[in-house]
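**Q** Give me a 3D structure for the following:
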Amino acid sequence: MSVNNRDLKVSRLISETINIEMELDEKILVFGEDVGKLGGVFATTIGLQKKFGEKRVRDMPISELAFTGMGVGLSMMGYRPIIEIMFADFIGVCFEQIIHSMSKIPYMSGGKVKIPMVIKTAAGCIGSAAQHSQCLWATFAHFPGMYVVAPSNPYDYKGLLAASIQSDNPTIFIEHKSHMHKRVSNFILNEEVPEKRYITKIGKAKIVKEGSDLTIVTLSAQVEHSLKVANKLQSNNINIEVIDLISIVPMDIETICSSVSKTKRLLIIDEDYLSFGLSGEIITRVIENLGINNIKQIERLGNPDVPVPAAKSLEELTIPNVSSIENKIIQMSKSF
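**A** Coordinates of the predicted model:
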């Protein structure tokens with residue numbers, strides 16, 4: 001990407017997106033801890049309270065269950081609230097409202113009551129130990145009735161958030177903590193981000209690198225790690241196709257299956273827990289669609305079902321990274 005005035009931090013792109021949507025729709029509200037005067041823990045709501053006032057951008061007490069429930073009620077009244085939960089780890093206290101109200105009311109009302117609500121939260125490992133490092137997207141995806149999305153690059157952070165805010169479906173929008181203060185030019189996928197309004201389609205994966213030997217399916221920060229390895233191994237004549245899932249619910253299984261039917265090999269890289277999670281779900285759907293006899297290899301990398309350690313050196317042994325991804329692919333390539 002050429003040097004330009006749009007080489008912004010991801011956090012700035014997020015606040016820019018919310019600003020655009022709030023200018024166009026006075027029913028959009030932002031609630032959360034420190035979202036007002038401080039502009040959010042990652043500066044993703046900076047400047048919004050000053051521009052739109054305390055009635056539309058409101059600091060909340062440390063009671064996530066209460067203000068998530070308030071968001072559900074406001075949605076039922078026709079508002080479009082954005083509820084910020086600082087870290088995905090803290091959403092557990094909100095589950096009563098999320099899994100019994102936010103996700104179920106549209107079904108229980110026969111579609112008559114919409115919940116156009118976004119829960120915006122940050123996930124991922126940045127050396128913050130067990131209670132501040134989880135992704136949990138598979139946990140959210142387990143409950144029907146919600147979209148669950150996780151962008152990997154600046155262009156999709158803006159487009160996917162806009163699509164989430166405009167959607168009439170309740171949506172969990174998951175940022176990665178390591179992305180928040182990273183500038184556009186520091187991403188491999190550094191497509192220039194327009195200032196104007198646009199959307200990234202929910203439910204559609206992207207092939208971010210084409211290849212013929214192996215399909216990698218991943219999301220969020222692991223897309224960058226996978227691309228680094230795929231580009232490096234290209235010189236070893238290992239041609240890897242990398243798919244950015246983008247949307248966990250709804251999942252674009254067609255794009256995944258189309259790729260695997262070509263490469264015959266699948267590697268899923270997931271920062272979330274391995275057991276009962278996203279990687280197992282993708283494997284099951286691929287086998288259901290293609291049949292086990294049409295696939296030569298299936299492997300996965302993820303958190304091996306342990307709380308994330310506090311020590312950075314131990315965290316790196318727990319969560320997929322460039323080194324572990326490369327080692328896994330080299331191991332798999334022995335049977336190519």
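**Q** Okay, now the unreliable bits of the stretch 1-150 of the chain?
**A** The model of the stretch 1-150 of the chain has pLDDT under 70 over residues 1-5.
**Q** Now with 90, please.
**A** Within the stretch 1-150 of the chain, the ranges that satisfy pLDDT under 90 run 1-6, 89-90, 92, 125-134.
**Q** Where do the strands of it begin and end?
**A** 28-32, 57-59, 80-87, 118-123, 147-149 (DSSP state E, counting those that start in this stretch).
**Q** partner strands of the third one, parallel or antiparallel?
**A** Looking back up the chat, that one is strand 80-87. With DSSP bridges as the test, strand 80-87 is paired with strand 28-32 (parallel), strand 118-123 (parallel).
**Q** Can you tell me the element Lys232 falls in?
**A** helix 221-233 (DSSP states H and E).
**Q** tell me which strands and helices that helix is in contact with?
**A** In terms of contacts (3 or more CB pairs under 8 Å, 6 or more residues apart in numbering; DSSP states H and E), helix 221-233 is packed against strand 206-209, strand 214-218, strand 240-244, strand 265-273, helix 322-333. For every residue, glycine as well, the C-beta is placed using N, CA and C.
**Q** Next up, the contacts around the residue most central in space within the chain.
**A** The residue lying closest to the centre of the chain (CA atoms, centre = their mean) is Ala150, at 1.2 Å. With contact taken as CB atoms under 8 Å, 6 or more residues apart in numbering, Ala150 is in contact with 123, 135, 137, 173-176, 219-220, 245-246, 248.
**Q** Would you map out the domains in the protein?
**A** Segmentation of the chain into domains, based on automatic domain parsing, reads 10-186, 206-333.
**Q** would you list these in JSON lines and tack on distance to Arg197?
**A** Formatted as JSON lines, the domains of the chain follow (distance: least, CB to CB, whole Å):
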{"stretch": "domain 10-186", "distance to Arg197": "5"}
{"stretch": "domain 206-333", "distance to Arg197": "19"}
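**Q** still on that earlier bit, nearest to Lys201 among the contacts of Ala150?
**A** Nearest to Lys201, judged by CB to CB, of the contacts of Ala150 is Ile246 at 8.6 Å.
**Q** Identify the spatial nearest neighbour of that closest one, chain neighbours not counted.
**A** Once flanking residues are discounted, Ile246 sits nearest to Ala205: 5.7 Å by CB to CB, 6 or more residues apart in numbering.
**Q** Might one say that the one you found is in contact with Ser247?
**A** Yes: if you go by CB atoms under 8 Å, Ala205 and Ser247 touch, sitting 7.0 Å apart.
**Q** More neighbours: these two, which one.
**A** Set Ala205 next to Ser247 and count neighbours by other CB atoms under 10 Å: Ser247 wins out with 24 against 20.
**Q** show me what contacts the more buried one?
**A** Contacts of Ser247 (CB under 8 Å, 6+ apart): 147-149, 202-205.
**Q** give me that answer again for 6 Å
**A** 149, 202-203 (CB atoms under 6 Å, 6 or more residues apart in numbering).
**Q** Equivalent analysis for Val229, please.
**A** 322, 325-326.
**Q** Check the strands paired with strand 80-87 for me and report the most buried one.
**A** Stretch with highest mean neighbour count among the strands paired with strand 80-87: strand 118-123 (a mean of 25; mean count of other CB atoms under 10 Å).
**Q** which other residues reach that one?
**A** Counting by CB under 6 Å, 6+ apart, 82-85, 87-88, 135, 164-165, 171-175, 177 sit against strand 118-123.
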